[in-house]
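[1] Need coordinates for the below:
(one chain, ligands or ions: 3)
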Amino acid sequence: MMKSVKDVGQANLCIGCGICEAMASDQVIKIKLGEDGFYYPHLNEGLEKQEPWQEIKQVCPGMLVNQDQTLSTQDEKLWGPIAQSWVGYSTDPEIRWQASSGGGITGLLQFLLEKKIVTGVIHIGKSLSNPLTNDVFLSRKREDIIRNSGSRYAPASPLTSIIKILQDKVEKIAFVGKPCDVAALRAYLKLYPQYQEQIVVLITFMCAGTPSMKGTEHLLKTLKVSSDNLQDFWYRGKGWPGKATAIDQDLREFSLSYNQSWGTILNKHLHFRCKVCPDGMGTIGDITFGDAWIEENGYPSFEEQEGKSLIIARNNQGKNFIEQAITQGYLEVDNYYLNNLEKIQPYQAQRKKLIASRILALRLTGLFYPQFSGFYLIDNSLSVSIRENINGTLGTLERLSDKNKFNYFVFKIFSILSLTIQKIGKLFKYFK
Ligand SMILES: Cc1cc2nc3c(=O)[nH]c(=O)nc-3n(C[C@H](O)[C@H](O)[C@H](O)COP(=O)(O)OP(=O)(O)OC[C@H]3O[C@@H](n4cnc5c(N)ncnc54)[C@H](O)[C@@H]3O)c2cc1C
Ligand code: SF4
Ligand code: SF4
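    Ligands and ions are numbered 1, 2, ... in the order given. Down below sits the predicted model:
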């Protein structure tokens, strides 16, 4: 049984959102980088009694995530609620160029700030002192949001200072975070509805997972640049998808394509929590953005081109903001009908369908497993073959057995069982 944020960290389920630090104060809980390159919550041993665990465990995305809307169609059960969807980009050429995909997020933020719908944006960006680390920013101007645009494929804690800002009661905030960050904030606002009005909009993006800092180190090693000799570094952007680029102290530029950087390096360093994430599609915010990849022979193409963002309004409020940003000339869009979404976001669809089988592995080993509700995980698991589900369970058991020797026995039994089923399946040409 989980009794503290320490247990969430030990179970490899802390994704570092930072809301526990905000709820307890950084004197009591501090999010720090661990040796494995991921964030962990550190509880000040002298102040353990001050940990507001009863409240934290109702919002921590390592413990639980709830998707409250009832969904009826198979598309919605897979992709989450959809009030309307578009493909588009920011009409500000600098934003479109600088941002991750089409600058949809930053274009919307520009509209919200310039039309004074919000007073500030809470989001993360490259630290001012070290281009490899991420810090939280309260952005108020066009140049701030442009500086903090782009995807940061490394741990980030966007919620560490949110409560202080809410308690001051002066700001109207647009919050941008990963789906798990947004889920934590949504749950917090349910617990403390007095702050709901101050969070004007929750903006998120499709998320395949957070790589550890080891991923970034691996990337720098491949680029043959030392972190001590670094002037600037970004993962993508400046084009779509843009290249992972390091600039050294002599202003020499070293870069790798998105296909190489994400596809062969960073995605090998993902957090365990991301492997069992039911909400990579970002269904809990008001608006979700993503890459509106061009489909080529049934797969997404990562060829460099002018940026385009996928935009999904999750509710009428989100839809209203996007429509206003379009009418006021901040976003240029076409309607999008989701018909090829699975082809341009294959990883998202595949992972969602396998989450039930991966969670089964946690349940079988008696390890703690997070409570996810409203994601139709069983329905989704029924849309893939039995073999894929067994492999999902086995793969997770294998990963767990690396860390927990006592699981190895269970893993072996499952391997034998799976091989037997697959052999019988092949024999009867029954399984796919
Ligand atoms: C870890 C990660 C995984 C992703 N996986 C996918 C995926 O599977 N499929 C897909 O379509 N898109 C994915 N994206 C999102 C994609 O890279 C773009 O962010 C998205 O298309 C929006 O682009 P944009 O041009 O509208 O955003 P921009 O205008 O560039 O704005 C990006 C915003 O995201 C915030 N942000 C960046 N990195 C982080 C972070 N690590 N944590 C919290 N906030 C952050 C920034 O503060 C900024 O406000 C991922 C992004 C990240 C960071
Ligand atoms: S609240 Fe966030 S930072 Fe704290 S333990 Fe949970 S996931 Fe980690
Ligand atoms: S995959 Fe899920 S848990 Fe991992 S960073 Fe993205 S939203 Fe958070």
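[2] Show me which positions of stretch 140-159 end up buried.
    142, 144-159 (16 or more other C-beta atoms under 10 Å). All C-beta spots, glycine's among them, are computed from the backbone N, C-alpha and C.
[3] Equivalent analysis for stretch 158-171, please.
    Within stretch 158-171, the residues scored as buried using 16+ other C-beta under 10 Å are 158, 159, 160, 161, 162, 163, 165, 166, 171.
[4] repeat for stretch 337-354
    Quick answer for stretch 337-354 (16+ other C-beta under 10 Å): 341, 344, 345, 348, 349, 351, 352, 353, 354.
[5] Residue 275 versus the third one, what's the distance?
    Taking C-beta to C-beta, to the nearest Å as the criterion, residue 345 is separated from residue 275 by 17 Å.
[6] Could you do the first one as well?
    Taking C-beta to C-beta as the measure, residue 341 and residue 275 are separated by 22 Å.
[7] Next, the contact list for residue 154, please.
    132, 133, 134, 210, 211, 212, 213, 215, 216, 235 (C-beta atoms under 8 Å, 6 or more residues apart in numbering).
[8] And for the nearest residue to residue 67 once chain neighbours are set aside, the neighbour number?
    Excluding its sequence neighbours, the residue lying closest to residue 67 (C-beta to C-beta, 6 or more residues apart in numbering) is residue 374, at 3.4 Å. Here the count is done by other C-beta atoms under 10 Å, and residue 374 has 19 residues near it.
[9] Who are the contact partners of residue 374?
    Per C-beta under 8 Å, 6+ apart, neighbours of residue 374: 66, 67, 68, 69, 71.
[10] on that earlier part again, which two from the buried residues of stretch 158-171 end up farthest apart in space?
    160 and 171 (15.8 Å; C-beta to C-beta).
[11] and the buried residues of stretch 158-171 as TSV, adding secondary structure and pLDDT?
    Shown next, in TSV, are the buried residues of stretch 158-171 (DSSP: H, G, I helix; E, B strand; the rest coil; pLDDT from 0 to 100):
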residue	secondary structure	pLDDT
158	coil	98
159	coil	98
160	coil	98
161	coil	95
162	helix	97
163	helix	96
165	helix	95
166	helix	95
171	coil	96
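[12] Which ones among those also lie next to ligand 1?
    Among the buried residues of stretch 158-171, the residues lying close to ligand 1 (C-beta under 6 Å from any ligand atom) are residue 158.
[13] of the buried residues of stretch 158-171, closest to ligand 1?
    residue 158 (5.2 Å; C-beta to the nearest ligand atom).
[14] distance of that closest one from residue 397?
    From residue 158 to residue 397 the distance is 32 Å (C-beta to C-beta).
[15] And for residue 233?
    Taking C-beta to C-beta, one finds residue 233 at 36 Å from residue 397.
[16] pLDDT weak spots in the stretch 301-432 of the chain?
    Residues of the stretch 301-432 of the chain that meet the criterion pLDDT under 70 lie in 402-432.
[17] Run a quick neighbour tally on residue 77.
    Count around residue 77 with other C-beta under 10 Å applied: 17.
[18] Repeat that for the one 5 residues further on.
    Residue 82 sits with 20 neighbouring residues when counted by other C-beta under 10 Å.
[19] Helices - which of the contacts of residue 374 land there?
    The helices, defined by DSSP state H, take in nothing from the contacts of residue 374.
[20] and these, which are buried?
    66, 67, 71.
[21] And the second one, how far from residue 26?
    Put plainly, it is residue 67. Taking C-beta to C-beta, one finds residue 67 at 30 Å from residue 26.
[22] again with residue 231
    Distance from residue 231 to residue 26, by C-beta to C-beta: 30 Å.
[23] now do residue 283
    Taking C-beta to C-beta, one finds residue 283 at 30 Å from residue 26.
[24] check contacts around residue 125.
    134, 135, 137, 139, 147, 148, 149, 152.
[25] among those, which are within reach of ligand 1?
    Answer for the contacts of residue 125 near ligand 1 (C-beta under 6 Å from any ligand atom): 148, 149, 152.
[26] To what extent is whichever residue of the stretch 51-200 of the chain sits closest to ligand 2 buried, counted in neighbours?
    Distances between the stretch 51-200 of the chain and ligand 2 by C-beta to the nearest ligand atom are smallest at residue 60, namely 3.2 Å. Here the neighbour count serves as a burial measure; for residue 60 (other C-beta under 10 Å) it reads 28.
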